[in-house]
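>>> how would this look folded up:
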Amino acid sequence: QVQLVESGGGLVQPGGSLKLSCTASRFTFSSYAMSWYRQAAGKERELVADISSFRGVTSYADSVKGRFTISRDNVKNTVYLQMNSLKPEDTAVYYCKARRYTAEYWGQGTQVSVSS
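Got it, this is the predicted structure:
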């Protein structure tokens with residue numbers, strides 16, 4: 001059974017940093033594009049960042065460009081999201097997703113709360 005397990009969420013003050021991790025198992029991680037999404041209360045889920053398989057080409061939502069960095073370690077089967085200069089509006093449940101052709105797998109999510 002495919003598994004994606006996120007970790008690293010928590011409560012942080014505005015301007016602070018967090019690093020999320022998503023560890024995959026039971027599929028060929030390196031051949032899947034990986035993404036981070038987030039869903040704030042009462043809002044639709046939105047794409048935050050994406051990294052391609054193999055080459056690791058990245059893209060970001062405008063709202064996080066310059067503050068967030070997505071990366072992957074194909075040996076550890078893990079994708080990361082480094083989040084700096086966090087703002088209250090970054091508060092959400094963060095999900096990772098694996099994608100290859102029509103196959104998609106989601107993690108269970110990790111809560112990130114930015115508040116003073």
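
>>> Please tell me how far the residue nearest to residue 68 when sequence neighbours are not counted sits from residue 105.
Closest residue to residue 68 apart from its sequence neighbours, by C-beta to C-beta, 6 or more residues apart in numbering: residue 83 at 5.1 Å. Using the backbone N, CA and C atoms, a C-beta is placed for each residue, glycine as well. Counting by C-beta to C-beta, to the nearest Å, the gap from residue 83 to residue 105 is 22 Å.

>>> Tell me which of these two has more neighbours.
residue 83 (27 against 17; other C-beta atoms under 10 Å).

>>> Pretty sure the more buried one sits against residue 114.
No - Residue 83 is not in contact with residue 114 according to C-beta atoms under 8 Å; the separation is 9.1 Å.

>>> so what's in contact with the two at the same time?
Common contact partners of residue 83 and residue 114 (C-beta atoms under 8 Å, 6 or more residues apart in numbering): residue 90.

>>> List the contacts of the nearest residue in space to residue 10 that is not next to it in sequence.
Excluding the flanking residues, the one nearest residue 10 by C-beta to C-beta, 6+ apart is residue 18, at 6.4 Å. Counting by C-beta under 8 Å, 6+ apart, residue 18 touches 8, 9, 10, 12, 83, 86, 112.

>>> What strands flank the helix or strand harbouring residue 35, and is each parallel or antiparallel?
Element membership of residue 35, judged by DSSP states H and E, is strand 33-39. Under the criterion DSSP bridges, strand 33-39 sits next to strand 46-51 (antiparallel), strand 92-100 (antiparallel) in its sheet.
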